[in-house]
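Participant: how would this look folded up:
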Amino acid sequence: MSAAAASAPAANSLRSDATVISLVGFAHGTSHFFHFVMPPLFPWFMRDFGLTFTQAGVLMTTFFVVSGIGQALAGFVVDRVGGFRVLAGGVTLLSLGAMFLSAAQSYWMLLLGAAVMGIGNSVFHPADFTLLNKRVSTTRLGHAFSVHGLTGNLGWAAAPIFVIALANAWSWRAATFGAGLVGVVALSFLLLNRHLLADASGPVAERAAPRKGGSFAFLGVGTVWLCFAFFFVAVMAFGGLQNFAPPILERSYGVTLAFATSGLTAYLLGSAVGTGIGGFFASQGERQERLIAIALGAAAVCSVALATASVPAWSIVALMGMMGFGVGFTGPSRDILVRRAATSTFGSGAYGRIYGFVYSGIDSGLALAPIIFGVLMDAGRYSGVLWGVATLQTLAIIVALAVGLRARSRAPA
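Facilitator: This next block holds a predicted model:
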């Protein structure tokens, strides 16, 4: 058995595992909810503050640049003090950032609110995965990662509906303030149930110190950097859709904005379904990279079909849903692959810092996507965004195969 596998509990009760999985999943869904607070409100921001697509996209760039830097650092804090208190702090900052947005009187205030939310968002992956890896039985980790990804997708799907409904009924200020209240409710729920994670919230570093090298030794492992690169390119593809899918589909196919937005909703719901199903396959065998390659390949085909504008408009929702399913299906296998590849050398004491660094690739990709794809949008090259998504998904396949090959070649006997 590898060091990584041995570090998780072998046989907790189903109730204990389900409780931890549910609480961590709830926190993750909350963080993803805040990912989609600003993008649906871009039309309101652009109108009231005179912004271009690129300037609106910079709001999300700010969010994810701050989150990416913070995530790499937050992993060290999680390794030192545990996950629960860090999660609670993250939800608090997300809520405060959204409420600050509601009072913004200038573009710079919008940027500051996005930065505060980015700090809050930075804690979730290192805290979540540390708790799951330490508190959930090894045999249920595939399902744990599936639920973790599923709740994230549900958070993504819920946010546009919530903020657009409030913005249409009252204003974008009411929508952002309402999002802040969602954070308050989430924080209250976590605090009320803190006793269920109390034994995982104290100092953990002394109980599970890294097994090799110093605190930064993991940065010398090539597999860790490959995992970072995988998240960077795979999630940058999603970033193009997250920020601009509705206007792309509206202007490329001549459909209404509401119908185009339903395409993005189909992507998010399809991703949630794919994530749920993917959990049943993630723990099977040792070649998760093959599942990732097949599923991302199917998603890239859907992206190419949409980019060519040769498909009928009525098929947009179905193709977006299929693309989302393919991307979502890879999630649990991806998380198992990262766990095996990145932590076997260093033991459970480095979970926070390794997951924090590797998953900061997500924030890096999401930070760069609005700038690059925003320039294409401002130039009217809407199909170019979809071609870019397909290209990035193909690159992610190549990197995933490299991660799997390198991990097996370095695996202990």
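Participant: List the buried residues for the host helix or strand of F34?
Facilitator: Assigned by DSSP states H and E, F34 belongs to helix 14-35. When burial is assessed from 16 or more other CB atoms under 10 Å, helix 14-35 yields the following buried residues: 17-21, 23-35. Any C-beta I mention is one placed from the backbone N, CA and C, and that applies to glycine too.
Participant: Which element is encountered next along the chain beyond it?
Facilitator: Later in the chain than helix 14-35, the nearest helix or strand by DSSP H and E is helix 42-49.
Participant: Which positions within that next one qualify as buried?
Facilitator: Taking 16+ other CB under 10 Å as the neighbour-count basis, helix 42-49 is seen to contain the buried residues 42-45, 49.
Participant: distance between the ends of stretch 131-147?
Facilitator: With CA to CA, to the nearest Å as the measure, the first residue of stretch 131-147 is 14 Å from its last.
Participant: And it, what's buried?
Facilitator: Using 16+ other CB under 10 Å as the burial criterion, the residues of stretch 131-147 that qualify are 131-138, 140-147.
Participant: Which pair of those spans the longest distance?
Facilitator: K134 and S146 (18.1 Å; CB to CB).
Participant: Mind naming the longest helix for this protein?
Facilitator: Counting by DSSP state H, the longest helix found in the chain is helix 222-253.
Participant: in it, what's buried?
Facilitator: Burial within helix 222-253, assessed by neighbour count using 16+ other CB under 10 Å, is assigned to 223-250, 252-253.
Participant: mind listing which of the buried residues of stretch 131-147 are in strands?
Facilitator: By the criterion of DSSP state E, membership of the buried residues of stretch 131-147 in strands covers no residue at all.
Participant: L51 versus A167, what's the distance?
Facilitator: In this structure, A167 lies at 16 Å from L51, with CB to CB, to the nearest Å as the measure.
Participant: Oh, that last question was meant for T30, not what I typed.
Facilitator: From T30 across to L51, the span is 27 Å (CB to CB).
Participant: Next: P126.
Facilitator: When CB to CB is applied, the distance between P126 and L51 equals 33 Å.
Participant: go on, V81?
Facilitator: Using CB to CB, we find V81 at a distance of 39 Å from L51.
Participant: Then G328?
Facilitator: According to CB to CB, G328 stands 31 Å off from L51.
Participant: Tell me which of those two has more neighbours.
Facilitator: Taking neighbours as other CB atoms under 10 Å, G328 and L51 compare with G328 leading, 28 against 18.
Participant: tell me the mean pLDDT for stretch 154-173?
Facilitator: The average pLDDT for stretch 154-173 rounds to 90.
Participant: switch to numbering from 29
Facilitator: Yep, numbering from 29; the last one is stretch 182-201 now.
Participant: So which bits of that stretch are buried?
Facilitator: Of all the residues in stretch 182-201, those buried under the rule 16+ other CB under 10 Å are 182-188, 190-192, 194-195, 200-201.
Participant: Reformat these as JSON lines; add distance to T90 and secondary structure.
Facilitator: Putting those into JSON lines (distance: CB to CB, whole Å; DSSP: H, G, I helix; E, B strand; the rest coil) gives the following:
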{"residue": "L182", "distance to T90": "25", "secondary structure": "helix"}
{"residue": "G183", "distance to T90": "20", "secondary structure": "helix"}
{"residue": "W184", "distance to T90": "19", "secondary structure": "helix"}
{"residue": "A185", "distance to T90": "24", "secondary structure": "helix"}
{"residue": "A186", "distance to T90": "23", "secondary structure": "helix"}
{"residue": "A187", "distance to T90": "18", "secondary structure": "helix"}
{"residue": "P188", "distance to T90": "20", "secondary structure": "helix"}
{"residue": "F190", "distance to T90": "22", "secondary structure": "helix"}
{"residue": "V191", "distance to T90": "18", "secondary structure": "helix"}
{"residue": "I192", "distance to T90": "22", "secondary structure": "helix"}
{"residue": "L194", "distance to T90": "23", "secondary structure": "helix"}
{"residue": "A195", "distance to T90": "21", "secondary structure": "helix"}
{"residue": "W200", "distance to T90": "18", "secondary structure": "helix"}
{"residue": "R201", "distance to T90": "19", "secondary structure": "helix"}
